[in-house]
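Colleague: Based on what follows, work out the 3D shape:
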Amino acid sequence: MSCFPFLGDKDEKIELALDSTRNLLDLGKDALSLSPIPGLSVAAGCLSFLIDRIQKTRGNMKTREELATQIEELATTIKVAHDKSVAAVRGFQSAHRQELEDKIKGSPRLKDRVDELIGRRRSRRCV
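Modeller: The predicted model follows:
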């Protein structure tokens, strides 16, 4: 049981700790400049900068993962729509059946791109 139940999940706790630490370092930087030990103010500034970079990197990774998931969902939706269209065309017994099938196949470039995106998403999961 957590001592701080008002805090959210693990990521929120980490983000809160990083924010608090960075704010303390920013505030303490000025006070440390009065210290008889040279360089403490600069060290606090560097640590604050590193924490800021860590936070931005964490945000970028999350955004990348969300985007990859959305791309995979889009590719799945396109494939389902394609499969349904092909199934509907197979129900035709007319002379226009071949023409409809050719139109549904679409652009080979688009198909290659969708396959490439799906392949990239799968390869990221293996890493």
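
Colleague: quick one: low-confidence ranges for the protein?
Modeller: For the chain, the stretches with pLDDT under 70 are 1-8, 89, 92-107, 110-111, 114, 120-127.

Colleague: In it, what residue spans correspond to strands?
Modeller: Under the criterion DSSP state E, the chain carries no strands.

Colleague: max-length helix in it?
Modeller: Scanning the chain for the longest helix, with DSSP state H as the assignment, gives helix 40-90.

Colleague: Centre of the chain to that helix, how far?
Modeller: Helix 40-90 sits 2 Å away from the centroid of its parent chain (Cα atoms, centre = their mean, to the nearest Å).

Colleague: name the helices or strands packed onto that helix?
Modeller: With contacts taken as 3 or more Cβ pairs under 8 Å, 6 or more residues apart in numbering; DSSP states H and E, helix 40-90 sits against helix 10-32, helix 97-105, helix 108-126. Backbone N, C-alpha and C define where each C-beta goes, glycine included.

Colleague: quick one: buried residues of the first one?
Modeller: Neighbour-count burial for helix 10-32, with 16 or more other Cβ atoms under 10 Å as criterion, is recorded at 22, 25-26, 28-29, 32.

Colleague: Format those as JSON lines; extra columns: distance to G91.
Modeller: JSON lines is the format used below for the buried residues of helix 10-32 (distance: Cβ to Cβ, whole Å):
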{"residue": "R22", "distance to G91": "62"}
{"residue": "L25", "distance to G91": "68"}
{"residue": "D26", "distance to G91": "67"}
{"residue": "G28", "distance to G91": "73"}
{"residue": "K29", "distance to G91": "72"}
{"residue": "L32", "distance to G91": "77"}
